[in-house]
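J.: With the input below, show me the fold.
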Amino acid sequence: MDPIINHTKSLILLCATLMILANPAHAESGIDLFEETSITPPTLDGAEIYTDTLKLILELKDINTKEPLTDIHMNIELISVTAATKTIKYIGDDSTLELNLPRQEWIILLKGDLLSTTGKDYYAAYTIDLDADTNQTIYLLPVGSVEGMVYTDKEQTQVVEGAILKFDCNADYGDPKDMTTDTFGSFKSEWLPATTCRIYAKHENQVGSTEVAISPGTLSNTQIILDKDTVVKDSKIQLILAAAALILLIIFLIHISKYSSKIPKKEQPPAPQQPKRTRDIINTLNQKEKSIVTFLLENNNESTQNKIYHATFIPKTSLSRSLLLLEQKRIIRIEKLGNLRKVKLTKWFLDKDS
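T.: This next block holds a predicted model:
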């Protein structure tokens with residue numbers, strides 16, 4: 001009988017647990033296990049599964065106070081030519097982060113969150129060419145968060161679902177991603193640089209914007225009113241000016257046509273046709289990657305990282321990340337010549353590997 005009694009007790013305990021979890025009062029209490037700093041979030045699957053690694057020890061400090069960062073949850077993103085992974089680690093009293101990584105170049109993104117604050121707190125992004133066990137001090141920059149609503153009217157009675165949001169901040173760090181409002185017309189953006197940011201919103205032919213001061217570790221609140229129309233309304237004066245401009249354009253084109261007919265035409269060589277593989281791959285790239293590849297195609301399929309930076313205006317950290325991802329996709333090859341980094345399109349991408 002003892003096994004039957006034990007089994008019955010287990011069933012009763014399981015049912016009681018399920019009833020507690022299903023209790024609406026418990027569900028609505030807003031209990032969050034991660035609100036306690038003593039609880040460490042789990043490491044994500046696939047993080048740090050490498051073998052034959054080097055040890056990278058990072059001492060984390062606040063860039064303003066130069067004080068060590070402790071009791072903080074750190075979101076970590078690791079990007080290299082051969083791998084990309086994300087994980088979460090809790091940094092305790094020693095303020096150090098230990099990573100075991102293969103010998104190669106890495107882009108490391110760090111996002112720190114103190115549970116005692118309402119917003120996100122710290123951000124850092126840097127590149128390291130790991131060729132030996134290394135100890136480094138990393139100074140993290142302050143960030144904050146903002147949430148808000150988008151309305152169609154100043155009375156704030158009609159919210160906007162699906163409004164496109166763009167963030168323009170006065171500092172070039174953090175993670176200000178474009179986004180859209182949800183079904184309630186609300187939005188929330190985290191990891192914004194601690195500076196002044198202007199938030200633009202657009203829905204159909206209406207636009208609006210607002211300016212927000214982002215404070216370190218703070219969750220700011222704002223509202224955006226779509227109070228401007230992107231379509232210029234017709235008027236009699238605009239119609240007259242448009243008609244006059246059209247007449248002048250027609251007269252100009254007639255004169256150009258008569259003049260050009262008297263000049264012997266030179267045959268222009270046809271523009272080189274890109275291989276199908278090249279066109280198909282370009283269509284899969286994001287805007288930054290397309291800018292890099294297009295610049296290389298226009299410059300005899302090769303250039304230097306410095307020239308690409310000045311030609312595309314892509315921030316240095318984002319450029320390094322995009323170049324590593326392009327190399328990972330076998331689209332480019334990066335050669336180091338001293339301090340010079342030469343970037344070439346691969347024969348495979350140009351469909352010349354046969």
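
J.: CA atoms for contacts and neighbours, from now on please.
T.: OK.

J.: who touches Asp131 in this structure?
T.: Asp131 makes contact with 54, 103-104, according to Cα atoms under 8 Å, 6 or more residues apart in numbering.

J.: Which of these ranks first by neighbour count?
T.: With neighbours taken as other Cα atoms under 10 Å, the top of the contacts of Asp131 is Leu54, carrying 18 neighbours.

J.: unless I'm mixing things up, that one is touching Glu105, no?
T.: No. Applying Cα atoms under 8 Å as the test, Leu54 and Glu105 come out as separate, 12.0 Å apart.

J.: any residues in contact with both of the two?
T.: Leu130.

J.: ranges for the helices of the stretch 251-354 of the chain?
T.: 276-282, 287-297, 305-312, 316-328 (DSSP state H, counting those that start in this stretch).

J.: Could you provide these in TSV, with additional columns for distance to Ile76?
T.: Below are these laid out as TSV (distance: least, Cα to Cα, whole Å):
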stretch	distance to Ile76
helix 276-282	29
helix 287-297	22
helix 305-312	26
helix 316-328	15
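
J.: mind checking which of these is nearest Leu219?
T.: Set against Leu219 and scored by Cα to Cα, the helices of the stretch 251-354 of the chain come closest in helix 316-328, at 25.7 Å.

J.: is Pro193 in a bridge, and if so with what?
T.: Val143 (DSSP bridges).

J.: Please identify the most buried of the helices of the stretch 251-354 of the chain.
T.: helix 316-328 (a mean of 19; mean count of other Cα atoms under 10 Å).

J.: what inclination does that one have with respect to helix 287-297?
T.: If you take axes from the mean of the first three to the mean of the last three Cα atoms, to 10 degrees, helix 316-328 sits at 70 degrees to helix 287-297.

J.: Look up how far Ile108 lies from Ala125.
T.: Note on Ala125: its distance to Ile108, by Cα to Cα, to the nearest Å, is 6 Å.

J.: From the contacts of Asp131, pick the one nearest Ser322.
T.: Among the contacts of Asp131, and counting by Cα to Cα, the member closest to Ser322 is Gln104, at 16.1 Å.

J.: okay, the closest one: pLDDT?
T.: The model reports Gln104 with a pLDDT of 88.

J.: This structure - how does it break down into domains?
T.: Domains of the chain are assigned by automatic domain parsing as 35-143, 145-229, 276-345.

J.: Now render the ones you listed as JSON lines, adding distance to Ile251.
T.: Converted to JSON lines, the domains of the chain look like this (distance: least, Cα to Cα, whole Å):
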{"stretch": "domain 35-143", "distance to Ile251": "57"}
{"stretch": "domain 145-229", "distance to Ile251": "34"}
{"stretch": "domain 276-345", "distance to Ile251": "36"}
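
J.: ok, then the element right after the helix or strand hosting Ile138?
T.: Counting by DSSP states H and E, the element that carries Ile138 is strand 134-151. For strand 134-151, the following helix or strand on the C-terminal side (DSSP H and E) is strand 164-169.

J.: Which positions within stretch 90-104 qualify as buried?
T.: 90-92, 95-97, 100-102 (16 or more other Cα atoms under 10 Å).

J.: ok, Trp106 to Leu56 distance?
T.: Applying Cα to Cα, the value for Trp106 to Leu56 is 11 Å.

J.: cool, Leu350 as well?
T.: For Leu350 relative to Leu56 (Cα to Cα), the value is 37 Å.

J.: just the contacts of Asp131 now: which is nearest Thr346?
T.: Closest approach between the contacts of Asp131 and Thr346, by Cα to Cα: Gln104, at 20.2 Å.

J.: Report how many residues lie close to the closest residue to that closest one other than its chain neighbours.
T.: Among residues not flanking Gln104 along the chain, Leu130 sits closest, at 5.3 Å (Cα to Cα, 6 or more residues apart in numbering). When neighbours are counted by other Cα under 10 Å, Leu130 registers 17.

J.: before we move on, back to that, so which of the buried residues of stretch 90-104 belong to strands?
T.: 90-91, 96-97, 100-101 (DSSP state E).
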